[in-house]
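Chemist: here is my input, please return the structure:
(one chain, ligands or ions: 1)
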Amino acid sequence: MGLPQAAPLAPGLLRPCCQVVGVLLVDSTHEGRRPVRRLSLNVSGRELAPAISIRRTFREFWPDTRGLRRLFAAGVVFAVLAALCEVAAIRLFGYITDEVLTTRQLDAFWVPAFVWLGLAALAGVASFAGSYLTALGGERFLLVLRDRVYAHIQTLAPEFAEKRRLGDLMARLTDDVEAIEELVGSGLVRIITTAASVVFFAGAAFFIRWDLALVTMALIPLFLVVSKVFASRFRTAAARERTSNGAMNSVLEEGLANQPLVQAYNRQGAESRRLHAEGRGWLRANMTQAWLSGLYGPAVQVIETLCLIVILGVGAWEIASGRLTIGGLLAFAAYLAMLYPAVQSLGELALTVSEAAAGSDRVIEVLSTKPRVTDAEDAVEAGRTGGRIEFDGVGFAYPGRGRPVLRNMSFTAGPGEVVVLTGPSGAGKSTLVKLLLRFYDPDSGRILLDGTDIRRLTRRSLRENVTVLQQETLLFSGSVRDNIAYARPDASLDEVIKAAEAAGVHDFAKALPQGYDTPVGQRGRLLSGGQRQRIAIARAILRDAPVLVLDEPMTGLDEVTAAQVMGPLQRLMAGRTTLLITHDMRHVPEGARVVRIEPVPRGERIPLRRVGVPFRPFRGNNCGTP
Ligand SMILES: Nc1ncnc2c1ncn2[C@@H]1O[C@H](COP(=O)(O)OP(=O)(O)OP(=O)(O)O)[C@@H](O)[C@H]1O
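Modeler: This next block holds a predicted model:
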């Protein structure tokens, strides 16, 4: 968001002439640029954007413009061509004034008039081509950037997203990425073409009368001072607007995502008031921007008027003494009428650039977050394993938390076996799964898959061997078929139906309005809990991994539904290594081995993370078989 644009650079060749013919020769096209209303730059906290480094921004993102630089270069060339046409057209206007209007020689009118028309057409085409190519380059750059940031976030453990508010991450992937584009892509084109326009219009004015040009150029710093005075205030107002916009989006996102909770607890009024309070903050921030925009235009107009009055005064004197023609004066004034907005634009660009760099800081922060767990350099592909799991003296504390969650945890589970992990809430059962999937590595001990330490395997191949059925069934908003095939997008419809039959999905899916193509709604909310669970089981069957982790698979299901799910679950478990996390021993299959996990007592500490250091046992063991 920048200050209101004082005047577009290449709005058409007639504009300068209209201004010149007008009484005050003042550019009257000032319009407050409506602030772009985006998602927030900062949703997670109230602090404004951190310090910026433009050089760092270019170092980080310039390589992403590879393949697009020709588009940007062509954008510059066409925009510069359009500006040159403007320069030539103004010159023609001066010529027509002196050779046709003053002398009343109508014959001399036609040639310059047609050339002028030709220039207007050329400028129009060049201007169109310039803005189209720049937009194309800019949009493609955005695509590359967004893909890159999103792909990076996907390499980070789920903890990264869990610790942040969704709105904040969304803002980084949308607004902030856009801000970078405005600096490194189209912004750069704008800077170059605006600077070129300044040189052209100033050069043309100097060409007509260098001494007069020097006098009027002396007033240029006034524009820069005004821009500077307004810029800092505008930046603060814009940052505040983004912060309150973000807060508002967060309230909206949370309120809509938790609508059933809001309505069940009769909190509709409270949620509306929360939105209203944030909306008022947004309103205030926008009003500050509005009055700054409103004031900026007239302030600039006064300076422009002052400049043009000086030109007219000095010009009249020069004409009277025969050193300047009327056409020369009008062309001179027209060049200045084009030059001042261009200078002003440069001042505003500094603001746009600094704002854009603020957004880029937030994206760089994401990109510089390194995954806690990476593949070892000599990591090997696991291939399809037998699925034998061994936890060998595993100890773990979440980063930043001194107190360990797991301590000296040992157990094994082999193919065809069901190991039930049970214990009080918070004992660390789900943490075991995160370690098994290598979202984290243990601080001590090791986890083996078919006898190989999982730190020696690539994460991708390790995870291909493990299927997790989460406590909260996770579905996407696609169709029933999409959700089952998520496990293997290349699966045929027959394979999907086979998995669906084994999971008890087929009967209810057939009865849905569009069968397997019926949308399941946001997070599968158009289905019942039991149906969602069975779709998740079908997905797991289709995936066919040797290790299966069931995290409270019956949570939220009534007895009848739980019984319906039990059959498909047992089919799914058959022949696999199953870790069943549950508090509810009613659904534990016969012959299952039970491992009870106790919370680590308070006051127990864990040595700092030393991956690869031989295991040193702690006192006691928080794992046992009851
Ligand atoms: N990302 C995290 N960062 C820090 N602490 C965490 C994180 N996730 C879980 N914890 C903490 O680790 C402990 C164990 O959590 P975990 O989810 O493994 O327990 P659980 O045995 O699965 O509990 P439940 O039966 O209630 O699901 C808890 O005290 C929890 O607060």
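Chemist: any idea how far the ligand is from Ala257?
Modeler: 20 Å (Cβ to the nearest ligand atom, to the nearest Å). Heads up, the C-betas are built off the backbone N, CA and C, glycines and all.
Chemist: neighbours around that residue, how many?
Modeler: 13 (other Cβ atoms under 10 Å).
Chemist: what does the protein have sitting close to the ligand?
Modeler: Glu159, Tyr398, Arg401, Val405, Ser425, Gly426, Ala427, Gly428, Lys429, Ser430, Thr431 (Cβ under 6 Å from any ligand atom).
Chemist: are any of these buried, and which?
Modeler: Buried residues within those, counting neighbours by 16 or more other Cβ atoms under 10 Å: Val405, Ala427, Gly428, Lys429, Ser430, Thr431.
Chemist: in space, what's closest to the fifth one - neighbours in sequence excluded?
Modeler: Leaving aside its sequence neighbours, Ser430 sits nearest to Asp551 (Cβ to Cβ, 6 or more residues apart in numbering; 6.1 Å).
Chemist: I figured that neighbour hits Ile581, correct?
Modeler: Yes: if you go by Cβ atoms under 8 Å, Asp551 and Ile581 touch, sitting 4.7 Å apart.
Chemist: low-confidence bits of the stretch 451-600 of the chain, can you list those?
Modeler: Applying pLDDT under 70 to the stretch 451-600 of the chain flags the ranges 471-473, 555-558, 560-562, 564.
Chemist: again, 90 this time
Modeler: Along the stretch 451-600 of the chain, segments meeting pLDDT under 90 span 460, 464, 467-545, 550-576, 580-600.
Chemist: which stretches of it form helices?
Modeler: 459-464, 480-485, 493-502, 506-511, 529-543, 559-573 (DSSP state H, counting those that start in this stretch).
Chemist: same question, the stretch 201-350 of the chain
Modeler: Using DSSP H, counting those that start in this stretch, helices in the stretch 201-350 of the chain cover 210-217, 220-257, 259-264, 268-320, 326-367.
Chemist: in three-state terms, label Gly386 for me.
Modeler: The assignment at Gly386 comes out as coil when based on DSSP: H, G, I helix; E, B strand; the rest coil.
Chemist: that one and Ala545 touch, don't they?
Modeler: No: contact between Gly386 and Ala545 fails when scored by Cβ under 8 Å: they sit 11.8 Å apart.
Chemist: neighbour-wise, which of the two wins?
Modeler: Neighbours were counted for Gly386 and for Ala545 using other Cβ under 10 Å; Ala545 has more, 19 against 13.
Chemist: the bottom helix or strand of this protein by mean pLDDT?
Modeler: helix 14-21 (a mean of 37; mean pLDDT, DSSP states H and E).
Chemist: now the helix or strand just after that one: buried residues?
Modeler: Per DSSP states H and E, the first helix or strand lying C-terminal to helix 14-21 is helix 54-61. For helix 54-61, burial by neighbour count (16+ other Cβ under 10 Å) applies to Thr57, Phe58, Glu60, Phe61.
Chemist: mind checking pLDDT for the residue of the stretch 201-350 of the chain found nearest the ligand?
Modeler: For the stretch 201-350 of the chain, the residue closest to the ligand is Leu261, as judged by Cβ to the nearest ligand atom, at 19.2 Å. Note on Leu261: pLDDT of 72.
Chemist: can you tell me the SS state at Arg401?
Modeler: Quick answer, by three-state DSSP: Arg401 is coil.
Chemist: tabulate the residues of the chain next to the ligand (a markdown table), appending secondary structure and pLDDT.
Modeler: Shown next, in a markdown table, are the residues of the chain next to the ligand (DSSP: H, G, I helix; E, B strand; the rest coil; pLDDT from 0 to 100):
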| residue | secondary structure | pLDDT |
| --- | --- | --- |
| Glu159 | helix | 78 |
| Tyr398 | coil | 88 |
| Arg401 | coil | 79 |
| Val405 | coil | 88 |
| Ser425 | coil | 83 |
| Gly426 | coil | 84 |
| Ala427 | coil | 85 |
| Gly428 | coil | 87 |
| Lys429 | helix | 87 |
| Ser430 | helix | 87 |
| Thr431 | helix | 91 |
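Chemist: closest to Ala413 out of these?
Modeler: Closest approach between the residues of the chain next to the ligand and Ala413, by Cβ to Cβ: Lys429, at 13.8 Å.
Chemist: ok so, going back, from Arg388, how far out is the residue nearest to Ser430?
Modeler: 20 Å (Cβ to Cβ, to the nearest Å).
Chemist: how would you label the residue nearest in space to the middle of the chain: helix, strand or coil?
Modeler: For the chain, Leu173 is the residue whose C-alpha lies nearest the centre (Cα atoms, centre = their mean; 0.9 Å). Recorded secondary structure, Leu173: helix (three-state DSSP).
Chemist: that one touches Arg148, doesn't it?
Modeler: No: in terms of Cβ under 8 Å, Leu173 does not count as a neighbour of Arg148; the distance is 10.4 Å.
Chemist: do you know how far whichever residue of the stretch 101-250 of the chain sits closest to the ligand is from Met409?
Modeler: As assessed by Cβ to the nearest ligand atom, the ligand sits closest to Glu159 within the stretch 101-250 of the chain, at 4.8 Å. To Met409, Glu159 is 20 Å away according to Cβ to Cβ.
Chemist: and what of Phe72?
Modeler: 56 Å.
Chemist: what do you get for Ala485?
Modeler: 36 Å.
Chemist: just want to know which of the two has more residues nearby.
Modeler: Taking neighbours as other Cβ under 10 Å, Ala485 and Met409 compare with Met409 leading, 27 against 22.
Chemist: quick check: the more buried one touching Val600?
Modeler: No: counting by Cβ under 8 Å, Met409 does not reach Val600; the two are 10.0 Å apart.
Chemist: per-residue confidence at Leu24?
Modeler: 27.
Chemist: go ahead and confirm Ser197 touches Ala83.
Modeler: Yes: Ser197 is within contact range of Ala83, at 4.5 Å (criterion: Cβ under 8 Å).
Chemist: end to end, how far does stretch 375-388 reach?
Modeler: Start-to-end span of stretch 375-388 (Cα to Cα, to the nearest Å) is 21 Å.
Chemist: show me the contacts for the residue nearest to Ser430.
Modeler: Lys429, Ser430, Val433, Val468, Leu469, Gln470, Gln471, Ile581 (Cβ atoms under 8 Å, 6 or more residues apart in numbering).
Chemist: can you pull the contacts of the fourth one?
Modeler: This means Val468. So Val468 contacts Val433, Leu437, Val549, Asp551 (Cβ under 8 Å, 6+ apart).
Chemist: hmm, who's touching the one helix or strand the first one maps to?
Modeler: If I follow you right, that is Val433. If you go by DSSP H and E, Val433 is part of helix 429-436. Residues outside helix 429-436 that contact it (Cβ under 8 Å, 6+ apart) are 157, 389, 391, 394, 396, 398, 405-406, 409, 421-423, 440-442, 447, 454, 466, 468, 471, 547, 549, 551, 579, 581, 597.
Chemist: and the residues you listed, which of them are buried?
Modeler: Buried, going by 16+ other Cβ under 10 Å: 389, 391, 394, 396, 405-406, 409, 421-423, 440-442, 447, 454, 466, 468, 471, 547, 549, 551, 579, 581, 597, out of these.
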